[in-house]
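Undergrad: from the sequence below, what's the structure:
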Amino acid sequence: MNTIKEILDEHLQYKEQIIKLAKSDLVKTYRGAALGWSWAIIKPLITLFVFWFAFSVGLRSGKPVEGYPFFLWLEAGFLPWFFMQEMITGGAGCIRKYSHLVTKMKFPVSIIPTYVNLSHLFIHLIILGITFVLFAAFGHAPDIYALQIPLYMFMMLVFFIVWSLFAGMLSALSKDFQNLVTALSSAIFWMSGIIYNVDDIPSRWVRILLKFNPVTVIATGYRRVFIYKKWFWTDKVSLVCFAITLTVAILGALWAYRKLRKEIPDVL
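TA: Numbering: from 1, shown residues only. As a prediction, the model looks like this:
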């Protein structure tokens, strides 16, 4: 409890700096590029086009889902993945990336994962707006189910802030952990239901196991908003699995912060 109180106090004390650093991180990401902020849109569109082409043209399996074009079905699942992909690996490397804040000034380590996640959340909001426009262009304007978006976004942000604190601390101590996360990121993608519906898997136990992956829960949740038109409470198993995973992640992050925060400056 003392560790939780310490982290919360640091966030309250540095709340203004968190927003400023998030904006600064966002600017630095696209500084020096001729197209600037356009890359925030171009990169996701290229990814979507590649997968649409592979499934719709190459494999010829991209059939409409629930009356929605396959491209929109893909977009609904990829929308949160673009954020989560950045934070799986970027979160693990955030403390090492901003080591100068830890080694050259007295700056709370717990703040770094928060502002890095907020920085990427700004991009997520832009892509979310474009997604609503795309759906409206195809005749599917936002409806009452869109009220769930803030909930899924909050779940996503909280989990990956916790993940970034845990993974960032371990990666700062050893690059091997960051390399391990990078190596596993592809496996997380293919086992998360981004390009298939987890609920279509015949085995109930496999479905439950996959729902312990927060990426699965969030991506499926976004699809339920845009495609399947279901409320979050209709799948209590996903909520329970997410709660368990988040609890384990919080305990891991608190352990890593308590044990390693004094060693990090010397290691870096």
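Undergrad: regarding this protein, what is its longest helix?
TA: In the chain, with assignment by DSSP state H, the single longest helix is helix 111-137.
Undergrad: assign Lys63 to helix, strand or coil.
TA: coil (DSSP: H, G, I helix; E, B strand; the rest coil).
Undergrad: show me where the stretch 51-200 of the chain has its helices.
TA: All helices of the stretch 51-200 of the chain, identified by DSSP state H, counting those that start in this stretch, fall at 70-92, 94-97, 99-103, 111-137, 149-173, 175-190.
Undergrad: possible to save these as CSV with mean neighbour count, mean pLDDT and distance to Tyr257?
TA: In short, each C-beta sits where N, CA and C put it, glycine included. Shown next, in CSV, are the helices of the stretch 51-200 of the chain (neighbours: other C-beta atoms under 10 Å; pLDDT from 0 to 100; distance: least, C-beta to C-beta, whole Å):
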stretch, mean neighbour count, mean pLDDT, distance to Tyr257
helix 70-92, 22, 89, 14
helix 94-97, 22, 86, 11
helix 99-103, 15, 79, 13
helix 111-137, 19, 90, 10
helix 149-173, 22, 93, 6
helix 175-190, 14, 88, 15
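Undergrad: mind putting these into TSV with distance to Glu16?
TA: Converted to TSV, the helices of the stretch 51-200 of the chain look like this (distance: least, C-beta to C-beta, whole Å):
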stretch	distance to Glu16
helix 70-92	22
helix 94-97	20
helix 99-103	16
helix 111-137	11
helix 149-173	18
helix 175-190	30
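Undergrad: roughly how far does Ser185 sit from Ile161?
TA: Distance, Ser185 to Ile161, using C-beta to C-beta, to the nearest Å: 18 Å.
Undergrad: same check, this time on Leu26
TA: 16 Å.
Undergrad: got it, and Ala22?
TA: Using C-beta to C-beta, Ala22 is found at 12 Å from Ile161.
Undergrad: again with Phe82
TA: From Phe82 over to Ile161 (counting by C-beta to C-beta), the distance is 17 Å.
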